[in-house]
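Asker: structure, please.
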Amino acid sequence: MSTTRRRTLSIDPDLDERMLLVCKAFGVNPHAYILNKIGEAVVKDSLLINSQNNSDDVFSAIHSLFAGISSENEKLKDISNG
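Answerer: Purely as a prediction, here's the structure:
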């Protein structure tokens with residue numbers, strides 16, 4: 001049983017001709033070339049998304065840290081004034 005997914009795409013004739021020339025130069029068929037380029041784009045974009053999500057997590061942690069410090073500072077002020 002195959003676990004691959006079928007996708008269909010349409011390519012502009014000029015782009016297709018250019019791709020065929022590139023494929024010939026690289027010694028690959030268009031299918032392999034397209035799969036490789038899609039794979040490269042997906043890896044690059046998913047790294048970007050993961051990096052962005054990690055940054056959001058870091059900023060959230062820093063915000064929580066400063067909120068805790070501020071809260072503790074207010075408690076110390078209350079104690080010293082009380």
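Asker: show me where this protein has helices.
Answerer: With DSSP state H as the criterion, the chain has helices at 13-26, 30-81.
Asker: elements contacting the shortest one?
Answerer: Spelled out, it's helix 13-26. Helices and strands touching helix 13-26, as assessed by 3 or more C-beta pairs under 8 Å, 6 or more residues apart in numbering; DSSP states H and E, comprise helix 30-81. Backbone N, C-alpha and C define where each C-beta goes, glycine included.
Asker: one step back: with mean neighbour count, distance to residue 4 and mean pLDDT added, can I get the helices of the chain in TSV?
Answerer: Formatted as TSV, the helices of the chain follow (neighbours: other C-beta atoms under 10 Å; distance: least, C-beta to C-beta, whole Å; pLDDT from 0 to 100):
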stretch	mean neighbour count	distance to residue 4	mean pLDDT
helix 13-26	11	21	97
helix 30-81	10	10	81
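Asker: dump those into JSON lines; add distance to residue 7 as well.
Answerer: Output for these, formatted as JSON lines (distance: least, C-beta to C-beta, whole Å):
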{"stretch": "helix 13-26", "distance to residue 7": "16"}
{"stretch": "helix 30-81", "distance to residue 7": "9"}
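Asker: and of those helices, who's closest to residue 6?
Answerer: Judged by C-beta to C-beta, the one of those that comes nearest to residue 6 is helix 30-81, at 11.9 Å.
Asker: and that closest one, what other elements does it pack with?
Answerer: Judged by 3+ C-beta pairs under 8 Å, 6+ apart, the packing partners of helix 30-81 are helix 13-26.
Asker: contact partners of the helix it packs on?
Answerer: 11, 29-30, 32-34 (C-beta atoms under 8 Å, 6 or more residues apart in numbering).
Asker: mind picking the two most distant members of these?
Answerer: Spanning the widest gap among the contacts of helix 13-26 are 11 and 32, at 15.1 Å by C-beta to C-beta.
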